[in-house]
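Engineer: Turn this into a model:
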Amino acid sequence: MISNLHNKVIDIVGKKNFLINEKEKTPYTSGWRTKPGECEFVVLPDSLSNMWAVLKLCVENNKYILMQAANTSLTGGSTPNGKYDRGLVIINTTKLKTIIPIKKGNQVLAFPGSTLYDLEKKVKPYNRAPHSEIGSSCIGASVVGGVCNNSGGALIKRGPAYTELSLFASVNSEGKIELHNKLGIELGKSPEEILKNLDNNNFNEGNIKNSNFKASSTDYKNIIKDTNADTPARYNADKRRLYDASGCSGKLAVFAVRLDTFEKENEEKTFYYSTNSAEDLTRLRKKIINEIEELPIYAEYMHNDAYSVSKKYGKDAFYLIYYLGTSCMPFFYKTKSKLESFFKKSKFFSNKTLDLILNAFVSILPNQMPKVFDELNKKFKHHLILKCDQKIFDEVLKVSKNIFNENNKNNLLICSTKESKKLTLNRFVFAGATARCANISRNANPDLLPFDVALKRNDDNWFHDIALDAKKDVLKTLTVGHFFCLVFHREYVIKKGINNNIVKDKVLKWFDEIGAKYPAEHNVGHVYEADDNLRKFYKKLDPCNIFNPGIGKTSKTINKPVGKIKEINIT
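Structural biologist: Residues are numbered from 1 along each chain as shown. Now for the predicted structure:
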């Protein structure tokens, strides 16, 4: 039945941007690794002004609100979880893709639906680069989603996605909606004027104020350089990274963020290290960080089991991105989600069917990886892809040769451009590949047990990948990581019949014992329990618990009845 609220929302966004049918809602209510939750309807506003109007209606009608962009969350932080005591509305921002370069391309304004792929293209004419590339584990990820979820990414020098300059709406303790313009740009007084000016790009450089507020993690290089520190380099609940939209986990409705861009590195060179001794990589990491002033572009670790699983189960994603680019991936995953929903509801198919079909199809395609890497993977356990700028190539090579190519006990390979692209892509399809591996493996639970964990910067035992008391319950441990940050993605394929939660508790207890922090760079979602820092931050941002209720295993109940709506603008 169409309610008065539904009609009002339709009047704002149009019927095609209002989804209430279960089949239509499924791609928005389910995540990469999460089952669908309860949602009254999905809205896809096509302007910031319309997004504001929908927000006001939802608050006025006492609805929970879940802000969503590309929906690439691996922890379910951008999808509903189970049932709610009142209607929950998903406001999906993927139609709000605008990116506006400012300050001669040294910064950008990014709208909530803009993607890393779009950002990379937008700043290329300025010979600039974004804070992250295609998304370290979330292909097609959004720019604002990265800021809101403390995303770290693989690019070492640029650090986690972070800004203190944003435009967002919140609901205060009296249940009144407020628009906060903290972009440092004069756009007008009222919410409607501000958003209309942004929608129409109606401002100039003279409206941009000089500001001491940060638009990136400018301190991250010094943090990485401290390899003796007894704390992690970055993690989700780090107080240094919780500021308004940054780290908000959807507890605000973010309209735009202002971010730094970065000078594009020239003549990138890629090293590929392979060894059976983790100590080789430990020595390499410390010597490059401590003896070379400039940091590499990225250094991605990959265990040989992870390489094999990515190659086998991520082959379809690999081919799509390699030939069509990352822009095709949102469409691919949305289509895949719809097909999965069809198979799950069918009496004749199981939730494994689509993955089995896709994997069988791509298995007949040619081997996507050069044979040299396959051979190295058979011979060695530990691998590192390190990319650096030409200006430090000689220094990195000198350090590398002191540790690698020692009597055939390890190997160093300098890659061609094509080899580098394929290695990197095989690493980046890891997340989807591991989920499929668990789903279709005969002796495994279909649900993967994934973690992203930040180890202490002085932890030389980084290669220990499982709690000893949990090892017997795990079929396969798959590990990749941002090695210079000591941030690892560890995906556990659990033996069939073993309760995932029991293994999870053992692993988390072990992480606590070794001084690790989790999650490292993803939203806490509905997988992790938010610590005290995050709970206090969420409460400050969203005292009534209107936005994304239940995130981090917090309460899913409204804290205070929402009163009559009142607009307040803070500039």
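Engineer: my read is residue 510 is in a helix, agree?
Structural biologist: Yes - applying DSSP: H, G, I helix; E, B strand; the rest coil, one finds residue 510 inside a helix.
Engineer: Surely it touches residue 470?
Structural biologist: Yes - proximity of residue 510 to residue 470 meets the contact threshold set by CB atoms under 8 Å, at 7.5 Å. C-beta here means a position set from N, CA and C on the backbone, and glycine is covered the same way.
Engineer: out of these two, which sits in the busier spot?
Structural biologist: Neighbour comparison, residue 510 and residue 470: the larger count goes to residue 470, with 21 against 17 (by other CB atoms under 10 Å).
Engineer: List the buried residues in stretch 435-455.
Structural biologist: Buried residues in stretch 435-455, counted by 16 or more other CB atoms under 10 Å: 435-441, 444-446, 448-455.
Engineer: Return the subset of those residues lying in helices.
Structural biologist: Judged by DSSP state H, the subset of these located in helices is 435-440.
Engineer: Can you tell me who the nearest residue to residue 143 once chain neighbours are set aside pairs with across the strands?
Structural biologist: Closest residue to residue 143 apart from its sequence neighbours, by CB to CB, 6 or more residues apart in numbering: residue 110 at 4.2 Å. Applying DSSP bridges to residue 110 yields these beta-bridge partners: residue 99, residue 257.
Engineer: Find me the pLDDT at residue 110, would you?
Structural biologist: Residue 110 carries a pLDDT value of 97.
Engineer: dump the residue contacts of it.
Structural biologist: Neighbouring residues of residue 110 by CB atoms under 8 Å, 6 or more residues apart in numbering: 98-99, 119, 143-144, 256-259.
Engineer: Kindly recompute the last result at 10 Å.
Structural biologist: Counting by CB atoms under 10 Å, 6 or more residues apart in numbering, residue 110 touches 96-100, 116, 118-119, 122, 130, 142-144, 146-147, 163, 166, 254, 256-259.
Engineer: ok, now how distant is it from residue 433?
Structural biologist: Applying CB to CB, to the nearest Å, the value for residue 110 to residue 433 is 29 Å.
Engineer: And for residue 541?
Structural biologist: 35 Å.
Engineer: More neighbours: which of the two?
Structural biologist: More neighbours surround residue 433 than the other of residue 541 and residue 433, with 25 against 20 (other CB under 10 Å).
Engineer: Thought residue 450 was touching the more buried one, still the case?
Structural biologist: No - using CB atoms under 10 Å, residue 433 is not in contact with residue 450; the gap is 12.0 Å.
Engineer: what touches both of these two?
Structural biologist: Counting by CB under 10 Å, 6+ apart, the shared contacts of residue 433 and residue 450 are 478, 491.
Engineer: Residue 415 is in contact with residue 383, isn't it?
Structural biologist: No - taking contacts as CB under 10 Å, residue 415 lies outside contact range of residue 383: 12.0 Å.
Engineer: which one of the two has more residues nearby?
Structural biologist: A side-by-side neighbour count of residue 415 and residue 383, using other CB under 10 Å, places residue 383 first with 24 against 21.
Engineer: Report the secondary structure state of that one.
Structural biologist: Relying on three-state DSSP, one would call residue 383 strand.
Engineer: tell me which element residue 299 is part of?
Structural biologist: Assignment of secondary structure by DSSP states H and E places residue 299 within strand 298-303.
Engineer: ok now that strand, how far from the chain's centre?
Structural biologist: Relative to the centre of its chain, strand 298-303 is centred 17 Å away, using CA atoms, centre = their mean, to the nearest Å.
Engineer: Could you do stretch 244-259 as well?
Structural biologist: Taking CA atoms, centre = their mean, one finds the center of stretch 244-259 at 14 Å from the center of the full chain.
Engineer: and what of stretch 314-323?
Structural biologist: Chain-centre distance of stretch 314-323: 19 Å, with CA atoms, centre = their mean.
Engineer: List the buried residues for that stretch?
Structural biologist: 314-321.
Engineer: what's the closest of those residues to residue 217?
Structural biologist: Nearest to residue 217 among the buried residues of stretch 314-323: residue 321, at 26.8 Å, using CB to CB.
Engineer: Double-check the closest one against residue 332; I have them as touching.
Structural biologist: Yes - at 9.4 Å, residue 321 counts as touching residue 332 under the criterion of CB under 10 Å.
Engineer: My reading is that residue 424 is in a helix; is that accurate?
Structural biologist: Yes - counting by three-state DSSP, one finds residue 424 located in a helix.
Engineer: okay, now it: neighbour count?
Structural biologist: Around residue 424 there are 18 residues (other CB under 10 Å).
Engineer: Offset the numbering so it begins at 48, please.
Structural biologist: Happy to do that; since the first residue is 48 now, the last one works out to residue 471.
Engineer: My understanding was that it contacts residue 416; is that so?
Structural biologist: No - between residue 471 and residue 416 there is no contact, the gap being 11.7 Å when judged by CB under 10 Å.
Engineer: Point out where this protein drops to low pLDDT.
Structural biologist: Scanning the chain for pLDDT under 70 picks out the ranges 48-49, 79-81, 180-187, 373-378, 380-381, 383-385, 387-396, 453, 607-618.
Engineer: Provide a list of residues in contact with the closest residue in space to residue 320 that isn't next to it in sequence.
Structural biologist: Setting aside the residues directly before and after it, residue 320 is nearest to residue 431 in space (CB to CB, 6+ apart), at 4.3 Å. If you count contacts by CB under 10 Å, 6+ apart, residue 431 has them with 318-322, 327-328, 331-332, 346-349, 451, 459, 528, 530-531.
Engineer: Please determine how far residue 431 is located from residue 354.
Structural biologist: Distance, residue 431 to residue 354, using CB to CB: 12 Å.
Engineer: do the same with residue 330
Structural biologist: Separation of residue 330 from residue 354 (CB to CB): 22 Å.
Engineer: Looking at those two now, which is surrounded by more residues?
Structural biologist: A count of neighbours by other CB under 10 Å puts residue 354 above the other of residue 330 and residue 354, at 22 against 16.
Engineer: Number of residues surrounding the closest residue to the more buried one other than its chain neighbours?
Structural biologist: What sits nearest to residue 354 in space, not counting adjacent residues and going by CB to CB, 6+ apart, is residue 424, at 4.9 Å. The burial count assigned to residue 424 is 20, neighbours taken as other CB under 10 Å.
Engineer: what residues are up against residue 424?
Structural biologist: Residue 424 touches 321, 349-355, 358, 416, 430, counting by CB under 10 Å, 6+ apart.
Engineer: Mind telling me what element it is part of?
Structural biologist: Residue 424 belongs to helix 418-426, assigned by DSSP H and E.
Engineer: buried residues in that helix?
Structural biologist: Buried residues in helix 418-426, counted by 16+ other CB under 10 Å: 420, 423-424.
Engineer: That helix to strand 345-350, inter-axis angle?
Structural biologist: Using axes from the mean of the first three to the mean of the last three CA atoms, to 10 degrees, the inter-axis angle of helix 418-426 relative to strand 345-350 is 50 degrees.
Engineer: Report the separation between the most far-flung residue of the chain relative to its centre and residue 545.
Structural biologist: Largest separation from the mean C-alpha position in the chain: residue 454, at 40.3 Å (CA atoms, centre = their mean). To residue 545, residue 454 is 42 Å away according to CB to CB.
Engineer: For residue 556, give me its contacts.
Structural biologist: Contacts of residue 556 (CB under 10 Å, 6+ apart): 514, 516-517.
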